[in-house]
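> Fold the following and give me the result.
(chains A, B, C and D)
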Protein chains: 2
Amino acid sequence: MPKAQIKDRDGARLKKKERRRQILLELKLRPHVRISELAQRFHVSTETVRRDFDALADEGLIARAHGGASASVRGHYPSLDERANARIDERERIGRRAARLVGEGETVMIDSGSTTIEMARALAYLGTPCTVITNSIPVAMTLGHGAAEVLLCPGEYLAAESAVIGTETLEFLSRFNVDRCVIGSSGFSIEGPSESVRGFAAVKRTMLQRAEHRHLLIDSQKFGRKGLAHVGDLTDLQSIVVDSRPEGTLLSALIAARVDIISTDEP
Amino acid sequence: MPKAQIKDRDGARLKKKERRRQILLELKLRPHVRISELAQRFHVSTETVRRDFDALADEGLIARAHGGASASVRGHYPSLDERANARIDERERIGRRAARLVGEGETVMIDSGSTTIEMARALAYLGTPCTVITNSIPVAMTLGHGAAEVLLCPGEYLAAESAVIGTETLEFLSRFNVDRCVIGSSGFSIEGPSESVRGFAAVKRTMLQRAEHRHLLIDSQKFGRKGLAHVGDLTDLQSIVVDSRPEGTLLSALIAARVDIISTDEP
DNA sequence: CACCAAACGTGGCCTATGCAACAAAATATT
DNA sequence: AATATTTTGTTGCATAGGCCACGTTTGGTG
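Numbering: from 1, shown residues only, chains lettered A, B, ... in the order given. Coordinates of the predicted model:
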């Protein structure tokens, strides 16, 4: 049994690994692939593809479906995946509520992140005609088919987050003045939102600077948590959209900073 | 018959519409839903759901799959899909051959299009460390996970092609000078490559201007075909990568313009 | 009220997919 | 080279899904 691992390590058996790599690649480009399709393409039997699917599904990399498989969680990958499976309901509710903040014809900057993707879905569903500027690929793709006009930021592509970052991104964002910006963050304390992924804090900060109305979408689980980099102060925010109202010192601080609290808990 | 339209318009029959709305909503949250699942949920027969799927698929809102459907709204491409299924082998070969043109450490501009996506796959497979500048989302996503560093262009997001276009894109591209550019096109005649999708010709033209080595990936099926907009002259190209050698006047013109012909037919 | 059209359900029939056990082929190990 | 081990292919069978035609229900219309 340990021998198997050794074989895998030195990559002597390329075929299988390569085929599975290709399957994952394909799923990044399409939402769904059929077993029969892949079997043809790789010139292997459908059983083999089925085994590949089973293996990949065990690793949580894909979601199986009758006749094929689809990307485990739509368009987003590694590090996003872990989060994506957690607290889906909360994020969905937050996203839906946040989407209602956007009025027709407005210009909105939307951050990258799993919660903002949910918001993009809700916004696509509402069909609000607006202009969206984003550094998130999933957000752009979700909104791109609908009523919204989407401007994608330039920058260094970060596969782990399916978003772009870097000086090009910042410089691009700085050119615009928008009605609204919607950001997420990995932590939220009395000191304000904070972010742990390298390069994202700057993007969020720039978005905050360029927008008249500034919203933070934040899961209550992140209350009190502090990420690596400081994004901004509480006073930089106009409102936060949460799944349940903060309490204690955080609540006091929010009130002091005159931040609106929009909770999906309440009407 | 006209009555049907009237009924649809004033929304007298809500049931069906509402069900389809829900299906779309569900697909915004998950990549794939099963017919049987939905049938249970709505308390209707599978046939009814199947009919809904057919209707939604006709409108291009979903992509059908055996056993269910997936959102057509993701990394995939409506108008690209048609092409995607045609001449896969040829495009794959062209892509593989073209990927070998890229040397380690080079900077390369890669165009959008189905053939260039194939090239990106091959390049990701080869693992050549290089810097890629592209306006194509699938290209960025494919290469983003590997050895390449990816710079994504800004611009207006065009869902149909999963790429960005517009003045922002052009302006961004103009800032760089690269070793190589690789473009595709929808037509190729003695007058040079041409493109039929609005906004793409300008991007390709700009890429050609900024690169030292210029390659065109072109399926032999497109020989002689002329797209709407002229992209450049034959003399603008250094080499073309094709699945089979052109003949006749096109060949003569290529020789006269000193364009290298790299065919996957030959060694 | 009678009528009509759209929407839905049912049953028959066929194909595609899933599953499991076994055989064959490819590759590693000694 | 001989032998394990892994990977892949094959076969048979059960099930799910797809499709077609027809009958029934629903809701609107004259």
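> Are stretch A:140-159 and chain B in contact anywhere?
Yes. Counting by CB under 8 Å from any CB of the partner chain, chain B has neighbours in stretch A:140-159: A:140-142, A:144-145, A:149-159. Placement of C-beta: from N, CA and C, glycine included.
> how about that stretch: buried residues?
Of all the residues in stretch A:140-159, those buried under the rule 16 or more other CB atoms under 10 Å in any protein chain shown are A:140-146, A:148, A:150-159.
> What about these, which are in helices?
A:Ala140, A:Met141, A:Thr142, A:Leu143, A:Gly144 (DSSP state H).
> Looking at those residues, spot the one nearest DNA strand C.
A:Met141 (26.0 Å; CB to the nearest atom of the strand).
> I figured A:Val178 hits A:Met109, correct?
Yes. Under the criterion of CB atoms under 8 Å, A:Val178 makes contact with A:Met109 at 5.2 Å.
> Now list whatever residues contact both of those two.
A:Ile133, A:Arg210, A:Ala211 (CB atoms under 8 Å, 6 or more residues apart in numbering or on different chains).
> Of those residues - the most surrounded one?
Ranked by neighbour count (other CB atoms under 10 Å in any protein chain shown), those have A:Ile133 at the top, with 25 neighbours.
> ok, what's across the strand from that residue?
A:Met109, A:Leu151 (DSSP bridges).
> how much space between it and A:Asp179?
11 Å (CB to CB, to the nearest Å).
> again, but for A:Ala202
Taken as CB to CB, the span from A:Ala202 to A:Asp179 is 22 Å.
> and the gap between the nearest residue to A:Arg214 once chain neighbours are set aside and DNA strand D?
Counting by CB to CB, 6 or more residues apart in numbering or on different chains, A:Gln238 is the residue found nearest to A:Arg214 once chain neighbours are left out, at 4.8 Å. Distance, A:Gln238 to DNA strand D, by CB to the nearest atom of the strand, to the nearest Å: 45 Å.
> do the same with A:Arg205
Distance, A:Arg205 to DNA strand D, by CB to the nearest atom of the strand: 47 Å.
> pretty sure that residue contacts A:Arg214?
No. Taking contacts as CB under 8 Å, A:Arg205 lies outside contact range of A:Arg214: 11.0 Å.
> now the strands for the stretch 51-200 of chain A?
Here the stretch 51-200 of chain A has its strands, by DSSP state E, counting those that start in this stretch, at A:62-65, A:68-71, A:107-110, A:131-134, A:149-152, A:155-158, A:163-165, A:178-184, A:187-189, A:192-195.
> In TSV, list the ones you listed along with mean pLDDT.
Converted to TSV, the strands of the stretch 51-200 of chain A look like this (pLDDT from 0 to 100):
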stretch	mean pLDDT
strand A:62-65	84
strand A:68-71	80
strand A:107-110	98
strand A:131-134	97
strand A:149-152	96
strand A:155-158	95
strand A:163-165	95
strand A:178-184	97
strand A:187-189	95
strand A:192-195	95
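> could those go into JSON lines alongside distance to DNA strand D?
Formatted as JSON lines, the strands of the stretch 51-200 of chain A follow (distance: least, CB to the nearest atom of the strand, whole Å):
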{"stretch": "strand A:62-65", "distance to DNA strand D": "9"}
{"stretch": "strand A:68-71", "distance to DNA strand D": "11"}
{"stretch": "strand A:107-110", "distance to DNA strand D": "35"}
{"stretch": "strand A:131-134", "distance to DNA strand D": "34"}
{"stretch": "strand A:149-152", "distance to DNA strand D": "32"}
{"stretch": "strand A:155-158", "distance to DNA strand D": "31"}
{"stretch": "strand A:163-165", "distance to DNA strand D": "34"}
{"stretch": "strand A:178-184", "distance to DNA strand D": "35"}
{"stretch": "strand A:187-189", "distance to DNA strand D": "41"}
{"stretch": "strand A:192-195", "distance to DNA strand D": "40"}
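> can I get those in a markdown table with distance to B:Ile262?
What follows is the strands of the stretch 51-200 of chain A, written out as a markdown table (distance: least, CB to CB, whole Å):
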| stretch | distance to B:Ile262 |
| --- | --- |
| strand A:62-65 | 36 |
| strand A:68-71 | 34 |
| strand A:107-110 | 42 |
| strand A:131-134 | 38 |
| strand A:149-152 | 32 |
| strand A:155-158 | 28 |
| strand A:163-165 | 32 |
| strand A:178-184 | 46 |
| strand A:187-189 | 52 |
| strand A:192-195 | 46 |
